[in-house]
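*Asks:* Kindly return the folded structure for what I paste below:
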Amino acid sequence: MKRFIYILAILVLFSSCKKEHLAGPTATQANYSIDDYTKFTPGNYWVYQVYQVDTNGNVMSVDSQLDSSYVSNDSVINGNTYHVFHERLAHYPFIQCVRDSGGYLVTSVGQRIFTTTYFNTVFDTTGSIPGSVEVRTSVPAQLQDLIAGAGTFQCLDAKTDYYNLQTTISYMQHRVINMDYAQGVGLILGTLFYSTPSYHFEDRLLRYHVQ
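*Replies:* Numbering: from 1, shown residues only. Model (predicted):
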């Protein structure tokens with residue numbers, strides 16, 4: 001599953017919809033693994049409801065078309081085995097090859113997108129442009145209680161802060177992407193925003209199949 005980050009004319013990936021996003025217990029390194037939280041076994045799939053959300057967290061609309069993600073197969077790249085993950089977020093499709101590398105979920109180009117080990121520290125700055133854009137990804141140790149159509153989950157939140165250093169438009173100066181993962185399930189919530197509109201899109205888990 002996220003939040004999975006692109007910066008072009010579109011800044012992609014995943015923030016809120018009047019969601020229940022409450023503080024839960026604190027995670028500890030000994031309790032979690034990447035596989036526990038991502039469930040990237042071939043054949044697993046997730047279906048999401050898509051919301052358009054304003055800057056105050058109010059739902060503007062609910063899309064009648066659903067998003068879905070699935071794991072198709074494993075693939076060996078440069079001697080490492082990756083999971084091939086097909087994802088649609090706010091109807092934006094892409095494919096990623098990902099694997100567990102030393103406590104991080106990493107892509108085939110080396111970008112770190114999630115961790116279950118290194119909490120409360122910035123572990124990736126992919127997309128940063130000196131003097132123009134700062135990008136910082138981290139995972140707080142505090143678990144988040146999150147309600148979605150598929151149920152209530154305690155999640156680790158891969159939070160990416162985007163700082164636009166060249167704009168005077170307040171809502172564009174700092175934006176946040178959240179990718180929320182639950183143990184035994186995978187990605188529960190992901191957000192996406194485009195570079196200029198003040199609203200964002202949010203995918204919330206509706207149903208899933210994991211093994």
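
*Asks:* what ranges do the helices span in the protein?
*Replies:* Under the criterion DSSP state H, the chain carries helices at the ranges 34-38, 170-173.

*Asks:* Out of those helices, which gets nearest to G103?
*Replies:* Of all the helices of the chain, it is helix 34-38 that lies closest to G103, at 7.1 Å by CB to CB. No exception for glycine: its C-beta is placed from N, CA and C like everyone else's.

*Asks:* residues of the closest one that come out buried?
*Replies:* Using 16 or more other CB atoms under 10 Å as the burial criterion, the residues of helix 34-38 that qualify are 34, 36-38.

*Asks:* same check, this time on stretch 199-211
*Replies:* Neighbour-count burial for stretch 199-211 flags 199-206, 208 (criterion: 16+ other CB under 10 Å).

*Asks:* which neighbours does the lengthiest strand in the chain have in its sheet, and in what orientation?
*Replies:* The strand spanning the most residues in the chain, taking DSSP state E as the definition, is strand 151-164. Applying DSSP bridges, strand 151-164 is found paired with strand 133-138 (antiparallel), strand 142-148 (antiparallel), strand 174-182 (antiparallel).

*Asks:* Report the distance from that strand to the chain centre.
*Replies:* On the basis of CA atoms, centre = their mean, to the nearest Å, strand 151-164 is displaced by 7 Å from the centre of the chain it belongs to.

*Asks:* Any buried residues in it, and which?
*Replies:* Under the neighbour-count criterion of 16+ other CB under 10 Å, strand 151-164 has 153-160, 162, 164 buried.

*Asks:* Export those residues as a markdown table, with columns for pLDDT and distance to G102.
*Replies:* What follows is the buried residues of strand 151-164, written out as a markdown table (pLDDT from 0 to 100; distance: CB to CB, whole Å):
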| residue | pLDDT | distance to G102 |
| --- | --- | --- |
| F153 | 97 | 26 |
| Q154 | 95 | 24 |
| C155 | 96 | 22 |
| L156 | 96 | 17 |
| D157 | 97 | 21 |
| A158 | 97 | 16 |
| K159 | 96 | 20 |
| T160 | 96 | 20 |
| Y162 | 94 | 26 |
| N164 | 95 | 31 |
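
*Asks:* And those, which is closest to N80?
*Replies:* Checking the buried residues of strand 151-164 against N80 by CB to CB gives A158 as the nearest, at 21.1 Å.

*Asks:* My understanding was that the closest one contacts I113; is that so?
*Replies:* Yes. Here A158 reaches I113: they are 6.5 Å apart, a contact under CB atoms under 8 Å.

*Asks:* ok so, going back, tell me which of the helices of the chain sits nearest to T107.
*Replies:* If you check each of these against T107 by CB to CB, helix 34-38 wins as the nearest, at 12.5 Å.

*Asks:* neighbouring contacts of the closest one?
*Replies:* With contact meaning CB atoms under 8 Å, 6 or more residues apart in numbering, helix 34-38 is reached by 1, 98, 100, 103-105, 114-116, 156, 181-184, 186-187.

*Asks:* In this structure, where is pLDDT below threshold?
*Replies:* Counting by pLDDT under 70, the low-confidence segments of the chain come to 1-31.

*Asks:* Tell me how many other residues crowd the nearest residue to T126 once chain neighbours are set aside.
*Replies:* Excluding the flanking residues, the one nearest T126 by CB to CB, 6 or more residues apart in numbering is Q111, at 4.8 Å. Counted with other CB atoms under 10 Å, the burial measure for Q111 works out to 18 neighbours.
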